[in-house]
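J.: When you get a sec, could you give me coordinates for this:
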Amino acid sequence: MSIFRRAKHAAEQVVGGIKEKAGFETGKPGLEGRGRARKATGKAKSAGHTAARKAKRVDRRSKP
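T.: Purely as a prediction, here's the structure:
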C-alpha cells in the first residue's frame, strides 16, 4: 500500500472521528452516525489493504 493510500485512509478516520464528536456535542444523531460510518470505512479500507499486502508476501514465500 502506498504512503498516499495510508494517509488517505488515516485522514478518513480522523474526519470521521471529528464528525462523530461534533454530532455528539451538538446533539445531531445523523451527523454522529455519518461520522461513525466514515471512521469505520477508513479502518476497513486500511485493514483490507494490509491483508492484501500480507497475502501477497505469503504467496511470494511459498513459491519455489
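
J.: just so I have it, where are all the helices in this protein?
T.: Using DSSP state H, the helices found in the chain span residues 3-26, 29-62.

J.: want to throw those helices into a markdown table with mean pLDDT?
T.: Output for those, formatted as a markdown table (pLDDT from 0 to 100):
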| stretch | mean pLDDT |
| --- | --- |
| helix 3-26 | 95 |
| helix 29-62 | 90 |
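
J.: Tabulate those (JSON lines), appending mean neighbour count.
T.: Every C-beta, even on glycine, is put in place using the N, C-alpha and C of the backbone. Output for these, formatted as JSON lines (neighbours: other CB atoms under 10 Å):
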{"stretch": "helix 3-26", "mean neighbour count": "14"}
{"stretch": "helix 29-62", "mean neighbour count": "13"}
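
J.: Could you find the closest non-adjacent residue to Lys39?
T.: Spatially, and ignoring its direct neighbours in sequence, Lys39 is nearest to Gly16 (3.0 Å; CB to CB, 6 or more residues apart in numbering).

J.: Does that neighbour touch Gly33 like I think?
T.: No - Gly16 is not in contact with Gly33 according to CB atoms under 8 Å; the separation is 10.6 Å.

J.: how much space between the most centrally placed residue in the chain and Arg61?
T.: Among the residues of the chain, Gly42 comes closest to the average C-alpha position under CA atoms, centre = their mean, at 1.8 Å. Remark: distance between Gly42 and Arg61 (CB to CB, to the nearest Å) = 29 Å.

J.: Check Lys45 too.
T.: When Lys45 is compared with Arg61 (using CB to CB), they lie 25 Å apart.
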